[in-house]
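Chemist: How does the following fold in three dimensions:
(2 chains, ligands or ions: 2)
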Amino acid sequence: MTTPARSVALIRRPLSRIVLASLWFGLLSLPLMMESQAPFFGLRRPLLVSAGVAVIGVLRLAVSRRAGSGAGGVQRALGATGRAVHHLVGQIDRRLLYAVGLAAAALIPLGLNRYHIDILTQVGIYVTLALGLNIVVGLAGLLDLGYVAFYAVGAYAYGLLSTRVGLSFWEVLPLGALLAALFGVLLGIPVLRLRGDYLAIVTLGFGEMIRITLNNWDSVTRGPNGILGIARPKILGFTISTPIQYYYLILALVLLTVFVVERLNRSRIGRAWTAMRDDDVAAEAMGINLVKTKLLAFGLGATWAGSAGVFFASKMTFISPESFTFFESVIILCMVVLGGMGSVPGVILGAATLVILPEIMRQFALYRMLIFGGAMVVMMVMRPQGLVGSPRRKVALGPKDRPRPTAVS
Amino acid sequence: MLRLEEVHAHYGTIHALRGVNLEVKEGQIVCLIGANGAGKSSTLMAVSGLLRLSAGRIVFEGDDLIDIPSHSIVGRGISQVPEGRRIFSKLTVLENLEMGAYTRTDADRIRQDLDRVFGLFPILKERRIQTGGTLSGGEQQMLAIGRALMARPRLLLMDEPSLGLAPKFVETIFEVIREINAHGTTILLVEQNANMALSIATKGYVMESGQIVLEDDATSLMANKDVQKAYLGG
Ligand SMILES: Nc1ncnc2c1ncn2[C@@H]1O[C@H](COP(=O)(O)OP(=O)(O)O)[C@@H](O)[C@H]1O
Ligand SMILES: [Mg+2]
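Modeler: Ligands and ions are numbered 1, 2, ... in the order given. Next up, the predicted model:
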């Protein structure tokens, strides 16, 4: 059945992937060399990490080979769990799911302390960000690694317009969103023809460009010192200042985001994004204007980052370029991917997980990013469609499950 | 209805179309045959505006298509069933069909056309909430045809619709092609299955290395010794 050449190719690809993964993780753990109190020092730790990753990779390969057709036991178990979760989510009426979620979100903070409420507010900010990025990555399939730039645009829009011009939160909220959308389109224009890796690299560069500009344009942004004394939001003369008040404010923003994104998802333009992501040539043949559709995705995605940025600035009352590093873009992207690209409940779950889990793991501070990265890789290998998966796959995951072309390795 | 005049097109340095001349008259089924790599798909892609011309003209109903952006071609009344189907695997069958009518706004007639497609392919109605990626090859081909019909085209381009299908499906597909044509849609059909294609066609063109080397009535082409040897298996 399998010719020698074919079986060589079958083995060589996973092997080279293991080597790459092991080198990559070794590289990622290089910063750990600096940590002197840690049990290992010098190059030993990165090498150990490399070796560990390689061993895991080979083990996985061996297991999947024995199980045949690339489906290991763990993977099957995870797949089954995912299907069950998905089935449950699919069974429950969307409205009911949201109603229960909203009730829980509205009541939960009543029993929590300020610290925990602040974490929930963080969740809210990241849900807004991740839902926005989900438009670009999950729906339109455009890999954007510079998304944090739009968050920065929103935050600095409020920071500057509040301290210099004296505009209020409610005036800047739509302005910041609009400005971010404009930046989204501006980024979109030069990258229209790029795909995949190239798109990722250029958007990454764009994100860094914005951060570096903020860092160096002292006369306007006050550089690394940041902007202090940003006004808190007011509602009818009442100033929002306590954690719980901020929590309810972000909850309102999240609600708006979920509502709009769900509508978009089901709209004509939502279908056009999915079609474009599936096959852009066929999409163009259907009469979809790819330029317009892509720019719309960049713009509508950036809008939410902009409004999240305005909220963030009003909450912290202080912003500096430090909050808008490449790492933030990566985290937001992880939330989208982890939860299940394209699925709104999935992305919410992904954002909540990635904000709350690191908080729980605080005592492993040194290792948590490593664990985090490892978990993401395992996740991608085992369950590339994310925790919940996209609603578009509902039927694909049903009882009459056929082998899908997206099968792993 | 459609006329290609000295059409040239490149993929990078590959000169895929080298002066193609071809004409399709209203109401006809015109069949384009030729070996793999002859440039048949490229010809259709050029008509759909998805492959840029380096020289020549494509005229449809008196208008030059060159200046029209590719996403506006379908609005002019030309749709395509592309090679390899290229259905949207993550959209449902129904959504795929709706994508076919993407540029249309006449909701009532879209509904009629949907019913017509479901009439042609009852299996698609059964599977309408299933995602495209979960269909069998034959069903995907039906979906691709249905999707193209949802544009209510006056000219339908079909690229190897019978490729890789079980004989039972091939028969169905050819019957449907005839039926679509009988309803007034002009068809430009690319086929490897030259025998069946020529048997339903009005006219045929033979393509070799980016050029048309032969054109004639379908019946005369079928009787042509060279064509028989090269494309009809004897
Ligand atoms: N996307 C592409 N990129 C580069 N070359 C291509 C591409 N598509 C087709 N070609 C080349 O153009 C020529 C014509 O191909 P095609 O139109 O697909 O032929 P046919 O449909 O008759 O088999 C071939 O030499 C093929 O290799
Ligand atoms: Mg072809």
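
Chemist: hey, which helix is longest across chain B?
Modeler: Assignment by DSSP state H gives helix B:167-182 as the longest helix of chain B.

Chemist: Hey, what's the angle from the next helix or strand after that helix to helix B:167-182? Just curious.
Modeler: Downstream of helix B:167-182, the first helix or strand assigned by DSSP states H and E is strand B:186-190. Using axes from the mean of the first three to the mean of the last three Cα atoms, to 10 degrees, the direction of strand B:186-190 lies 150 degrees away from that of helix B:167-182.

Chemist: wait, does strand B:186-190 contact chain A?
Modeler: No: contact of strand B:186-190 with chain A (Cβ under 8 Å from any Cβ of the partner chain) is absent, the minimum separation being 14.5 Å. The way it works is simple: take the backbone N, C-alpha and C, and place the C-beta from them, glycine included.

Chemist: A:Val123 and A:Leu173, how far apart?
Modeler: Distance, A:Val123 to A:Leu173, using Cβ to Cβ, to the nearest Å: 20 Å.

Chemist: Between these two, which is the more surrounded one?
Modeler: Between A:Val123 and A:Leu173, A:Val123 has the larger neighbour count (other Cβ atoms under 10 Å in any protein chain shown), namely 23 against 20.

Chemist: residue contacts, the more buried one?
Modeler: Residues in contact with A:Val123 (Cβ atoms under 8 Å, 6 or more residues apart in numbering or on different chains) are A:Ala351, A:Ala352, A:Val355, A:Ile356.

Chemist: ok, how many other residues are close to the residue nearest to A:Leu142 when sequence neighbours are not counted?
Modeler: In space, and not counting its chain neighbours, A:Leu142 is closest to A:Val136: 5.2 Å by Cβ to Cβ, 6 or more residues apart in numbering or on different chains. A:Val136: 28 surrounding residues under other Cβ under 10 Å.

Chemist: hang on, A:Val136 packs against A:Leu295?
Modeler: No: the pair A:Val136 and A:Leu295 does not pass the contact test of Cβ atoms under 8 Å, sitting 10.9 Å apart.

Chemist: that older thread, ranking by neighbours, what's the top pick from the contacts of A:Val123?
Modeler: That'd be A:Ala351 among the contacts of A:Val123, by other Cβ under 10 Å, with 29 neighbours.

Chemist: Is that one in a helix, a strand, or coil?
Modeler: helix (DSSP: H, G, I helix; E, B strand; the rest coil).

Chemist: Report the buried residues of the longest helix of chain B.
Modeler: B:Phe169, B:Val170, B:Thr172, B:Ile173, B:Phe174, B:Val176, B:Ile177, B:Ile180, B:Asn181 (16 or more other Cβ atoms under 10 Å in any protein chain shown).

Chemist: Go back to those and keep what's next to ligand 1.
Modeler: When Cβ under 6 Å from any ligand atom is taken as the criterion, no member of the buried residues of helix B:167-182 contacts ligand 1.

Chemist: In TSV: the residues you listed, plus pLDDT.
Modeler: Formatted as TSV, these follow (pLDDT from 0 to 100):
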residue	pLDDT
B:Phe169	86
B:Val170	90
B:Thr172	89
B:Ile173	91
B:Phe174	93
B:Val176	93
B:Ile177	95
B:Ile180	95
B:Asn181	96
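
Chemist: so how far is the helix or strand of chain B with the lowest mean pLDDT from its chain's centroid?
Modeler: Using mean pLDDT, DSSP states H and E, helix B:225-231 stands out as the lowest-scoring helix or strand of chain B, at a mean of 85. Put simply, helix B:225-231 sits 23 Å off its chain's centre (Cα atoms, centre = their mean, to the nearest Å).
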